[in-house]
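Q: Just to be clear, the model below is a prediction. Sequence and coordinates:
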Amino acid sequence: MPCYLFTFHAYGTWMPDRKAGFVRRKRGILPSNEELATLYRERACETNAAFDDAIQRLLIEETRITCDKQRYRVHGIATDPTHLHVLVSWRDERPWMKIRTGLKSSLTRRLNRDARQRRDWFVDSASRRQVKDDEHFEHLMNVYLSSHRGWKWREGGESYL
């Protein structure tokens, strides 16, 4: 059964000038880069998106609804003002990209409707990490997701700070 951690970053966040560095696909975490951040900001089509408490709770609710409708199992969700993590698994042969794309589309539609603002809420792609084994899954559930500062939800539980 495939199990993945998907991360959806808010539009305009996690810029290259972050003190902790920034992530570049296939290259990992890179050191802070002021020049590249300036270039990114010049090319931005919109202002930065931010996930306040209300939006974080909405993202959790919509993730749960979408997972139920599209027949995949959500194990845990963690939010932050700049991103959303979703730990999901499914029993059929659908590829991870179809699952991730469907979830992101549902989240965007819900934000556009309920926030009454049509905009780019997320960066173009989202990261994904396949869960390797039970130990990795337990680490994600009990350490990684719970370390985030926003709203969280876990299977069999309620939303909590």
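A: Now that the structure is in, tell me what you want to look at.
Q: Could you check how far the residue in the chain sticking out farthest from the centre is from residue 80?
A: Ranking residues of the chain by C-alpha distance from their mean position (C-alpha atoms, centre = their mean) puts residue 35 at the top, at 26.2 Å. Distance, residue 35 to residue 80, using C-beta to C-beta, to the nearest Å: 26 Å. Just so you know, the C-beta spots here come from the backbone N, C-alpha and C atoms, and that holds for glycine as well.
Q: secondary structure element for residue 105?
A: Using DSSP states H and E, residue 105 falls within helix 96-114.
Q: what's the burial count for residue 120?
A: Applying other C-beta atoms under 10 Å, we find 15 other residues in the vicinity of residue 120.
Q: and what of residue 141?
A: 18.
Q: how about it, what does it touch?
A: Taking C-beta atoms under 8 Å, 6 or more residues apart in numbering, we find residue 141 in contact with 75-76, 87, 154.
Q: again, but for residue 126
A: If you count contacts by C-beta under 8 Å, 6+ apart, then residue 126 has 6-9, 100, 104 around it.
Q: how about the helices of the protein, start to end?
A: Assigned by DSSP state H, the helices in the chain fall at 34-43, 53-69, 96-114, 134-139.
Q: Lowest-confidence entry in the contacts of residue 141?
A: Least confident of the contacts of residue 141 in the model: residue 154, at 93.
Q: close enough to count as contact, that one and residue 75?
A: Yes - shown here, residue 154 and residue 75 form a contact pair, counting by C-beta atoms under 8 Å, at 7.1 Å.
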